[in-house]
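Peer 1: predicted structure and sequence below. I'll ask about it afterward.
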Amino acid sequence: MGGNIVFFDWTDAAVSHPFFDLHSLQWEANAAERRDLRAAYMAVWEESISSSLLHEAGAVADVLLPLYHAVSYQHIHAGIEPAARVEIAHPAEFLVTLLQQVEAYLQKETEAA
């Protein structure tokens, strides 16, 4: 490649549920843009899934995302050099988020009932 270094970041590459890609939206600082990006992502599925089922699948994915990434990053964390481990999120942070998401989900379910 003409003496250039090419770097491929496959950290989050996986065969998984497509809604787990919504995790990357968390880094969008602007809440309105984050909401619009999520709506655009979910709109692709509206032709295949009823609106209510799509909404529920998105809500469940929000809860499961941190668990998925905790497991994924635990494997990554264990497989890299110790000096590089500070460069990626520690899996425990995802587990804290998981507990927060479960609590929020259950609260919404309780309010809806």
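Peer 2: It's in.
Peer 1: going on from the host helix or strand of residue 78, what's the next piece of helix or strand?
Peer 2: Using DSSP states H and E, residue 78 maps to helix 51-79. Next along the chain after helix 51-79, taking DSSP H and E as the criterion, comes helix 91-112.
Peer 1: tell me the buried residues in that next one?
Peer 2: Within helix 91-112, the residues scored as buried using 16 or more other C-beta atoms under 10 Å are 91, 94, 95, 97, 98, 101. Using the backbone N, CA and C atoms, a C-beta is placed for each residue, glycine as well.
Peer 1: and stretch 44-64, by the same measure?
Peer 2: In stretch 44-64, counting by 16+ other C-beta under 10 Å, buried: 54, 57, 58, 59, 61, 62, 63, 64.
Peer 1: TSV for these, including pLDDT?
Peer 2: Shown next, in TSV, are these (pLDDT from 0 to 100):
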residue	pLDDT
54	91
57	90
58	89
59	87
61	89
62	85
63	86
64	88
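Peer 1: between those, which sits nearest residue 41?
Peer 2: Proximity of the buried residues of stretch 44-64 to residue 41 (C-beta to C-beta) peaks at residue 58, which lies at 9.3 Å.
Peer 1: next one: the residue nearest to residue 102 when sequence neighbours are not counted from residue 98, what distance?
Peer 2: Closest residue in space to residue 102, ignoring its immediate chain neighbours: residue 63 at 5.7 Å, by C-beta to C-beta, 6 or more residues apart in numbering. From residue 63 across to residue 98, the span is 7 Å (C-beta to C-beta, to the nearest Å).
Peer 1: so which residue is smack in the middle of the protein?
Peer 2: Among the residues of the chain, the one closest to the centroid is residue 23, at 2.2 Å (C-alpha atoms, centre = their mean).
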